[in-house]
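Trainee: give me the fold of what follows.
(one chain, ligands or ions: 2)
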Amino acid sequence: MQTIRVELADRSYSVFIGSGMLGKSNAAISIPAGSTALVVSNETVAPLYLQALEDSLADVQIQTLILPDGEQFKTLEYWSRIINKLVEIRATRDITLITLGGGVIGDLGGFAAACYMRGVRFIQVPTSLLAQVDASVGGKTGFNHPQGKNLVGAFHQPVSVMVDIDTLKTLPEREFSAGMAEVVKIAAIRDEAFLNWLENNVPGINAREPDTLINMISRSIQNKADVVTEDEREAGVRALLNFGHSFAHALETLTDYKKFLHGEAVAIGMMVASRLSEQRGLCAPGFSDRLGKLLQSFGLPVGMPDNSHPDDILELMKLDKKVIAGAYRLILLTAAGQGIIDSDSSNEQIAAAIIASQPQ
Ligand SMILES: NC(=O)c1ccc[n+]([C@@H]2O[C@H](COP(=O)([O-])OP(=O)(O)OC[C@H]3O[C@@H](n4cnc5c(N)ncnc54)[C@H](O)[C@@H]3O)[C@@H](O)[C@H]2O)c1
Ligand SMILES: [Zn+2]
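Mentor: Numbering: from 1, shown residues only. Ligands and ions are numbered 1, 2, ... in the order given. Sure, this is the predicted structure:
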């Protein structure tokens, strides 16, 4: 088992990464004996792992709430259901809320924990690769508003995170690939050695070899933890985690959240951002080809849909949270493993990078 500390003064916590943790009591989910825990999960994940999680929680009074599965349920209404459940069971300040599932359950449950009685303890048990390497660490919680994804939320750090890689055995292939986009992202913006490691370990990763996965996930989380420690509330360096995301969000909106999983859109967005970095002369030519090859080896798409008009993408990007004083604030690269925040790309340059990313 690997342990990574997220250092945030009195809000510090550990992330535990290993296999065979679910089903046994362990340090990753230590809850005071005799107290109550509310487990929030969904209709897909609960039948697979809820019993094992309960077996890990000896001497704890367990309540459960199972929500429907899907991003379309990451809303005020389903957040209210969690709050209503807490009220119904007369939860007091010493309740621990445990989220068991992907990023949707983690974000929604985490935000209920942030709000109930102005904040109660919560533990993340992420079961998708994306949630394990990204969403479960860093304390961003919230839900979607019809007018915007993740528009409502709060920073609320968990008290611990338990990553049991055994859960990945049941994760659909497409979801696994989507998680790989966030792994490649963190390597691309701050860890060239990790990027090289990924390139050298494609077969083991795709075969989901346990030791390879534990290494890969730990390294991703260590990078994210370092970023969060440095800049918990995204005043600076944490914005680098948005590499590829401005384009991805525009693409997700343009296609009604139906065509691409988030990670797939991020893969395409990173290609546009790295092409732009090359075209602007910020990084040496050839990086986007290298990145594209790696993304494709994990089964990810790398091309903008051929009917995506640059003007539409630019227009949607204006609505994104990353536009400041009219300038597009983008994450670009100066080299492999070196992301920067940049506001100097013109509309024409961005449009050219979008067109260069469409099928030729
Ligand atoms: N808080 C953050 O910092 C942060 C970061 C990145 C993403 N997010 C959020 O995370 C969400 C995306 O997360 P996601 O990709 O995990 O989506 P998700 O929660 O919808 O999970 C993807 C699918 O996989 C299923 N699933 C999860 N674990 C499984 C398992 N072990 N076996 C079988 N099926 C399983 C889920 O039920 C779902 O159908 C988005 O809402 C996004 O905004 C948050
Ligand atoms: Zn993302």
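
Trainee: going forward, measure contacts between C-alpha atoms and count neighbours the same way
Mentor: OK.

Trainee: which residues of the protein fall in strands?
Mentor: 2-6, 13-18, 36-42, 61-67, 96-101, 121-126, 140-145, 148-155, 160-164, 323-324, 327-328, 330-335, 338-342 (DSSP state E).

Trainee: so G263 makes contact with E182?
Mentor: Yes: counting by Cα atoms under 8 Å, G263 does reach E182; the two are 6.6 Å apart.

Trainee: who touches both of the two?
Mentor: Listed as contacting both G263 and E182 by Cα atoms under 8 Å, 6 or more residues apart in numbering are L130.

Trainee: output stretch 207-218 as CSV, restricted to C-alpha atoms.
Mentor: The C-alpha trace of stretch 207-218 is given here as CSV (Å, rounded to 0.1, in the frame of the first residue of the first chain):
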residue,chain,number,x,y,z
ALA,A,207,-3.5,-4.8,-19.3
ARG,A,208,-4.3,-3.2,-15.9
GLU,A,209,-1.4,-4.9,-14.2
PRO,A,210,-1.8,-4.2,-10.5
ASP,A,211,1.7,-3.1,-9.7
THR,A,212,1.8,-0.9,-12.8
LEU,A,213,-1.5,0.7,-11.8
ILE,A,214,-0.5,1.3,-8.2
ASN,A,215,2.7,3.1,-9.5
MET,A,216,0.8,5.1,-12.1
ILE,A,217,-2.0,6.2,-9.8
SER,A,218,0.4,7.0,-6.9
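
Trainee: of all residues in the stretch 251-360 of the chain, which one is closest to ligand 1?
Mentor: Residue nearest to ligand 1 within the stretch 251-360 of the chain (Cα to the nearest ligand atom): H262, separated by 6.9 Å.

Trainee: which one in the protein is furthest away from the centre?
Mentor: Most distant residue from the mean C-alpha position of the chain: G34, 32.8 Å away (Cα atoms, centre = their mean).

Trainee: any idea how far that residue is from I62?
Mentor: 10 Å (Cα to Cα, to the nearest Å).

Trainee: what's the burial count for K259?
Mentor: For K259, the neighbour count with other Cα atoms under 10 Å is 13.

Trainee: what does G148 give?
Mentor: Neighbours of G148 under the rule other Cα under 10 Å: 14.

Trainee: list the contacts of it.
Mentor: Counting by Cα under 8 Å, 6+ apart, G148 has no contacts.

Trainee: now the weakest link among the strands of the chain, please, by mean pLDDT.
Mentor: Note on those: lowest mean pLDDT is at strand 323-324, with a mean of 67.

Trainee: show the contacting residues for the residue nearest to A135 when sequence neighbours are not counted.
Mentor: Nearest residue to A135, sequence neighbours excluded (Cα to Cα, 6 or more residues apart in numbering): G103, at 5.5 Å. With contacts defined as Cα under 8 Å, 6+ apart, G103 is in contact with P126, S128, L130, A131, A135, S136.

Trainee: ok, and of the residues you listed, which contact ligand 1?
Mentor: Within the set of the contacts of G103, contact with ligand 1 (Cα under 6 Å from any ligand atom) is found for S128, L130, A131, A135.

Trainee: who wins for most neighbours among those residues?
Mentor: Highest neighbour count within the ones next to ligand 1 among the contacts of G103: S128, with 28 neighbours (other Cα under 10 Å).

Trainee: wait, it touches P172, no?
Mentor: No: with contacts counted by Cα under 8 Å, S128 stays clear of P172, the gap being 9.3 Å.

Trainee: can you tell me which residues contact F155?
Mentor: F155 is in contact with A114, G139, K140, T141, R233, counting by Cα under 8 Å, 6+ apart.

Trainee: switch to 7 Å and redo it
Mentor: G139, K140, T141 (Cα atoms under 7 Å, 6 or more residues apart in numbering).
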